[in-house]
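# Generate a structure from the sequence data that follows.
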Amino acid sequence: MVGPSGSPPEPPDEALLRGERIQMVADCPNLRVVLAAADIVICHGGYNTLTEAMEGGAALIVDTRRDVFRERARHAMRLQRYYPIAIAEDAGGLARHLRAALAVGLERRSIRDTAALDFDGCREFARLVSEHGCFAGIRIASSVPSAPGAAGV
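Numbering: from 1, shown residues only. Take a look at the predicted model:
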């Protein structure tokens, strides 16, 4: 899949795709839904893509071949302590990680189920504002209940 700002992937190894349960999607208007439903996600490691794939419980493979500054690779490495993420630095590594993911039975478990990471950014923002008084006098509307001790936010 290629998101709205993504670059087209390199052509896949045809031998790898032959006879497997792989669907290549060139464009996807509702990427979040597809990522949540996918068993395996191969991506460049963008923040939103990783989060949405982890929420769906997909096996994750991050392709770092175009990551010139290694920012996304470092981000994926930091997340590895909370969620299993394979990192491929070359075509051989990508093929190896994909074969390994296809060979094992997929146990889908959302990152939210593990409670390893807190994805509630609104609640965390409200907590930080209330603790540090960053925006004194500014009312911040939130669609989620305030965190304990975050009165007035």
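# contacts and neighbour counts: CA atoms only from here.
OK.
# count of neighbours near Ala53?
Residues lying near Ala53 (other Cα atoms under 10 Å) number 27.
# before we move on, which element is it in?
Here Ala53 sits within helix 47-56, counting by DSSP states H and E.
# any idea which helix or strand comes after the least confident helix or strand in the chain by mean pLDDT?
Taking mean pLDDT, DSSP states H and E as the measure, the chain has helix 14-17 as its least confident helix or strand, at a mean of 62. Remark: after helix 14-17, the chain's next helix or strand is helix 31-37, criterion DSSP H and E.
# Only the buried residues of that next one, if you could.
Buried residues in helix 31-37, counted by 16 or more other Cα atoms under 10 Å: 31-32, 34-37.
# Out of those, the closest to His97 would be?
Using Cα to Cα, Leu35 comes nearest to His97 of the buried residues of helix 31-37, at 18.0 Å.
# Now do the same for that closest one: its pLDDT.
For Leu35, the model assigns a pLDDT of 84.
# Surely it touches Ala53?
Yes. Counting by Cα atoms under 8 Å, Ala53 is a contact partner of Leu35 at 5.1 Å.
# Can you check which residues contact both of those two?
Each of Val41 lies in contact with both Leu35 and Ala53 under the rule Cα atoms under 8 Å, 6 or more residues apart in numbering.
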